[in-house]
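Q: I would like to see how this sequence folds:
(2 chains)
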Amino acid sequence: MTWRSSEEPGLGAEALLHVGAWALLMAGLTYPLGVIGRFQPAMPLVGGLLVTGFFVAGAVAARSGWVSAEDESRQRATALVFILQGFVAAALLARDRPVGEDPVIPLAVGMLVTGNMVAWGFGWALAAASPGWASLATGVSLILGSAGIGVAAKMTGERPVAQVVVLWSLAVGYLALARLADTRRQAAHDHVRFGREAASSWARGSMVMAAAILLTAWLLPTTWRWLAGSQLTPALRQVAAGMHVYDAGEQAGSGLGEQQPGDAARGRDPELMALQRAINSLGVNRDQAETLRPLLEQVVAADKRLRAEEMRERERLLRGAITEEERRAAQRAIAEAREKYAQQVEQIPSRARSFLSADQAARLRRLIMNRPWRAGAATGVGTGRAEGGSGATSRRQPTGPGDEVSRPSRDRRGGTGSLFQQLRGVPTWVWVLPPLVLLAVVIAMGRRRRPEGVPATPEATEEQIVDVFDHPELLARLSPQEIIVRTFRLLMRYGEMLGRGRQQWESPLGYGQELASFLGTGDEKMREVCWAYCLAAYAPGQPDRTAVDGLRECWRPVKEAIMRKMGEARQRASNDEYRVR
Amino acid sequence: MSTEHLDSRPVASVATATRRLTENIERVIVGKRQAVRTILVALFSDGHVLIEDVPGVAKTMLARALAASIGGVFKRVQCTPDLLPSDITGLSVFNQKSGEFEFAPGPAFSNVLLADEINRATPRTQSALLECMAEHQVTVDGVTRPVPRPFQVFATQNPIEFEGTFPLPEAQVDRFLIKMSIGYPSAADEGQMLVRLQMRHPIETVEPVSSREEVLELQAQVRRVFVHASVRDYVVRLIQASRSHPDLALGASPRGSIALFRTAQAVAAMDGLDFVLPEHVKDMLPGVLAHRIILRPEVALQGRTVAEVIEQIDRSVHAPVGEKWDGGRRT
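A: Next up, the predicted model:
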């Protein structure tokens, strides 16, 4: 992709073509993820819209001159990686959540991508201010950005988002630590590669992109809700409804209410909603879910009875208004409830084995043992109390004592125990991810490590546009060898810009001679510059600082001649343009 | 080339000797600075020279002037079809007085041997030169005798008369370090030449400005000239490019790599440098490759020349400039 929006007259056909191509690409990438996560095929549309928003913002920013086209292009590549990461996170998230109640997925993706972009932007802004600490700043900002998202996710009670973000923060932490080890050297490089202005431009670009993505992510669910609840054409409503993830409870019509995508979450029994999530997490299909649901509802009912008995006894004990006989009767009732619950629990996996795989049956058993609906009851009770007077809980089953029971469990949600429980729910392969990231970083560092003073090859193109003599701090930091080599590269770069680049077979001295005659200047100084390069490149040993001083004296007149020639070329081009007009 | 900016490690003695020898030889050979330089390269590289040129352009004088300048023994062999190997290497003759066979050294026992019109000698005689050129020794009657050092063979051949000649076999040609031609002098140089020759030939007055021992020392110094890995790699890539060139039936041999390497070292030392530049390699490429590559017949029929192909080879290979080679430089 070489599209540079700043060179375009506007968002014309080519720009739209690019956006469309990217949207299709994202659709192709996200559709499999949607299938894995049991999203409806609306997921590709989400990806396409997100990327579209991103590109439009990038084009506007680059066109306005606030961000350089190069930075915009670079950011597109980086952001693409983040967007892909976001969709992977969304796929993980979707495994555990029916989104029909609230289209949180685009928001989660947007938050992840935005957090990353903001973190990078912040890091680059610091890098521009203090190049020596660029890597440290980037690493810290990444951690802070990810942690901020994690806190936000935690505050909104989005358990799966919190899971993903915790994992992401771990990976980023590893990355940041690894970068710290290489910080000084890398920082010098980054500064040289992009320069102060470029770093600032990068930072601004990141902020623009992040804002655009976040806005798109916020707008999407809102629009969906509006579409689904609006009185527009039936076809449009159908499309909007199709964007919501399949909710087996709604489809089965099991008393959880009619299909109300907009505000379903407010009108449902939280325990049954938690149960529905748990069923979804088993990875069952629609038919299996419908068969399984009544069975699990029996278990939930038995568990409720058990909890009610336990609570009733506890309250009596607390009040002290219980006789020995009553206590025994209560214990018998509790024992019976426990027995009934145990029977239900024992029956479920065996009955479900006819339509579940062995793995699914095992997971179902673990699920029942963990009683995930109790957590749902805790949330539901809180919501119910808050909304008790509004009638929003009209479809909830009468829980009576359940309200009492749920209060302590609500308190547990914010503790480390709850976090541990959440982390236990993460698939095993996800745990392997951070060590793999660490391993990759270590390998990458090993490859990047190079002898002192050797510039990295990939960054050579950017290095060529930096005149080290214009950067005293850089001049002090680089070895004479590097200074000489970079100056000669800059000479070649200027030659290219003037249309007299070095041919592949040309030797340094031969090229210098050609360039000098092209510039129409005496070739003495030019020869000195090329000689310095020859000494640095082919002679034994290392040049010393006196060689740099000699080079500085020769380089100034050469550069002046080059700049003069460039000015003439610009003037000529301007005259030609005037003549054409 | 300017050398003011180098550190204090130039091979100064080679450069000085080059100046002295050049000035001395130019007392005889007028206006042929490049030819003089080439034979000095061959001398310091301890190699042999194949001179291909028309008659009368001072091929013999060049060799004689060099021999006289280093105080060496000069011998000349006029190659003809009836020339025998022993005419070059020498032979054992019976001494009636002592009643024993004694070895009578041939022209090979000299410092500068001129084999004039070598392609007129038979292949048997030509191959007699093989041992002394490559091994610097002569074996006669089962006895091996070293030739004096330095030892340099100048072989000439006429590029226009091929009747009755025996083209040199590839094995023989490959043993020559450099192939060169002298060419006609310019009008001014030719006039100057006549002035110098008016009274007597300048070769008669040429005095040695160096010695055989000094030449041997200079040869040793040349071998110590530093060749960076990137330049070494450049030499190899150039030679390998000749082997894969589509217009060539035969590319340069590994001996060609050695020759290019050595001659580049010699040129660098003659310029007063203790390291080799890509320019030095480029300078020597035509001389080293010209006799080592063979054009395909169909390419030759199209009128393409060896010089054109060599230029093409030169342009097809990246000079060791840029980040790829800079990066490897400081390891």
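Q: ok, now how distant is the nearest residue to B:I70 once chain neighbours are set aside from chain A?
A: Leaving aside its sequence neighbours, B:I70 sits nearest to B:S210 (CB to CB, 6 or more residues apart in numbering or on different chains; 4.9 Å). C-beta coordinates here come from the backbone N, C-alpha and C atoms, glycine included. The spacing between B:S210 and chain A, counted by CB to the nearest CB, to the nearest Å, is 27 Å.
Q: next one: B:P202
A: To chain A, B:P202 is 35 Å away according to CB to the nearest CB.
Q: Might you report the residue contacts of that residue?
A: B:R27, B:V28, B:R196 (CB atoms under 8 Å, 6 or more residues apart in numbering or on different chains).
Q: 10 Å instead, please
A: Contact partners of B:P202, counting by CB atoms under 10 Å, 6 or more residues apart in numbering or on different chains, are B:E26, B:R27, B:V28, B:I29, B:V30, B:M61, B:A65, B:M193, B:R196.
Q: now these as a markdown table including distance to B:V215 and secondary structure?
A: Output for these, formatted as a markdown table (distance: CB to CB, whole Å; DSSP: H, G, I helix; E, B strand; the rest coil):
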| residue | distance to B:V215 | secondary structure |
| --- | --- | --- |
| B:E26 | 18 | coil |
| B:R27 | 19 | coil |
| B:V28 | 18 | coil |
| B:I29 | 19 | coil |
| B:V30 | 24 | coil |
| B:M61 | 20 | helix |
| B:A65 | 14 | helix |
| B:M193 | 27 | helix |
| B:R196 | 26 | helix |
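Q: Tell me which residue of the stretch 151-300 of chain B lies closest to chain A.
A: Nearest residue of the stretch 151-300 of chain B to chain A: B:P278, at 3.9 Å (CB to the nearest CB).
Q: what's the burial count for that residue?
A: 27 (other CB atoms under 10 Å in any protein chain shown).
Q: My read is that it contacts B:V321, right?
A: Yes - contact criterion CB atoms under 10 Å: B:P278 and B:V321 qualify, at 7.3 Å.
Q: which neighbours do those two share?
A: Residues touching both B:P278 and B:V321 (CB under 10 Å, 6+ apart) are A:W505, A:E506, A:S507, A:P508, A:G510, A:C534, A:A537, A:Y538, B:S230, B:Y234.
Q: Narrow those to those in helices?
A: A:P508, A:G510, A:C534, A:A537, A:Y538, B:S230, B:Y234 (DSSP state H).
Q: Nearest to B:F74, out of those residues: which one, please.
A: Closest approach to B:F74 among those (CB to CB): B:Y234, at 36.6 Å.
Q: ok, and the closest non-adjacent residue to that closest one?
A: Nearest non-adjacent residue to B:Y234 (CB to CB, 6+ apart): B:P320, at 4.8 Å.
Q: where in the chain is pLDDT low?
A: No chain was given, so I picked chain A. Scanning chain A for pLDDT under 70 picks out A:1-272, A:280-287, A:315-322, A:349-355, A:370-465, A:522, A:573-581.
Q: right idea, wrong chain: chain B
A: In chain B (pLDDT under 70), the answer is B:1-11, B:161-164, B:322-331.
Q: Run through the neighbouring helices and strands of the longest helix anywhere in it.
A: Ranked by residue count, the top helix of chain B under DSSP H comes out as helix B:254-270. Identification of packing neighbours for helix B:254-270 by 3 or more CB pairs under 10 Å, 6 or more residues apart in numbering or on different chains; DSSP states H and E yields helix B:12-25, helix B:33-44, helix B:212-223, helix B:229-243, helix B:278-289.
Q: Spatially central residue for chain B, please.
A: B:V49 (2.9 Å; CA atoms, centre = their mean).
Q: so how far is chain A from that residue?
A: For B:V49, the distance to chain A - CB to the nearest CB - is 25 Å.
Q: swap in B:P150?
A: B:P150 sits 27 Å away from chain A, going by CB to the nearest CB.
Q: I'd assumed that residue was in a strand, is it?
A: No - read with DSSP: H, G, I helix; E, B strand; the rest coil, B:P150 is coil and lies in no strand.
Q: With adjacent residues omitted, what lies nearest to it?
A: B:V215 is the one closest to B:P150 (CB to CB, 6+ apart), at 4.9 Å.
Q: what angle sits between the longest helix of chain B and helix B:12-25?
A: 90 degrees (axes from the mean of the first three to the mean of the last three CA atoms, to 10 degrees).
Q: Can you list the buried residues in helix B:254-270?
A: B:256-270 (16 or more other CB atoms under 10 Å in any protein chain shown).
Q: Kindly report the same for stretch A:324-332.
A: A:A330.
Q: just to revisit the earlier point, which of the ones in helices among the shared contacts of B:P278 and B:V321 sits closest to A:K340?
A: Once CB to CB is applied, the member of those that ends up nearest A:K340 is B:S230, at 84.3 Å.
Q: pretty sure the closest one contacts A:A539?
A: No - the criterion here is CB under 10 Å, and B:S230 misses it with A:A539 at 11.7 Å.
Q: List, one by one, the residues from the stretch 151-300 of chain B near chain A.
A: When proximity is defined as CB under 10 Å from any CB of the partner chain, the stretch 151-300 of chain B approaches chain A at B:226-231, B:234, B:238, B:268, B:273-282.
Q: if you set the cut-off to 8 Å instead, what comes out?
A: B:F226, B:H228, B:S230, B:V231, B:D274, B:F275, B:V276, B:L277, B:P278, B:E279, B:K282 (CB under 8 Å from any CB of the partner chain).
Q: possible to save these as a markdown table with distance to A:A547?
A: Shown next, in a markdown table, are those (distance: CB to CB, whole Å):
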| residue | distance to A:A547 |
| --- | --- |
| B:F226 | 17 |
| B:H228 | 17 |
| B:S230 | 19 |
| B:V231 | 20 |
| B:D274 | 16 |
| B:F275 | 15 |
| B:V276 | 19 |
| B:L277 | 16 |
| B:P278 | 20 |
| B:E279 | 20 |
| B:K282 | 25 |
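Q: The chain - how does it break down into domains?
A: Just so you know, I chose chain A. A:10-239+A:429-448, A:275-413, A:460-580 (automatic domain parsing).
Q: Chain B is the one I meant
A: B:13-223, B:225-331.
Q: which one of the ones you listed has the most crowded surroundings?
A: Highest mean neighbour count of the domains of chain B: domain B:225-331, a mean of 20 (counted as mean count of other CB atoms under 10 Å in any protein chain shown).
Q: gap between that one and the chain center?
A: 16 Å (CA atoms, centre = their mean, to the nearest Å).
Q: Spit out the residues that contact B:S230 and A:A539 alike.
A: By CB under 8 Å, 6+ apart, no residue touches both B:S230 and A:A539.
Q: Surely A:E297 is in contact with A:L275?
A: Yes - the pair A:E297 / A:L275 is scored as a contact, 7.2 Å apart, by CB atoms under 8 Å.
Q: which of those two has more neighbours?
A: Of the pair A:E297 and A:L275, A:L275 is the one with more neighbours under other CB under 10 Å, namely 24 against 18.
Q: Helix, strand or coil: sort out the more buried one for me.
A: A:L275 is classified as helix under three-state DSSP.
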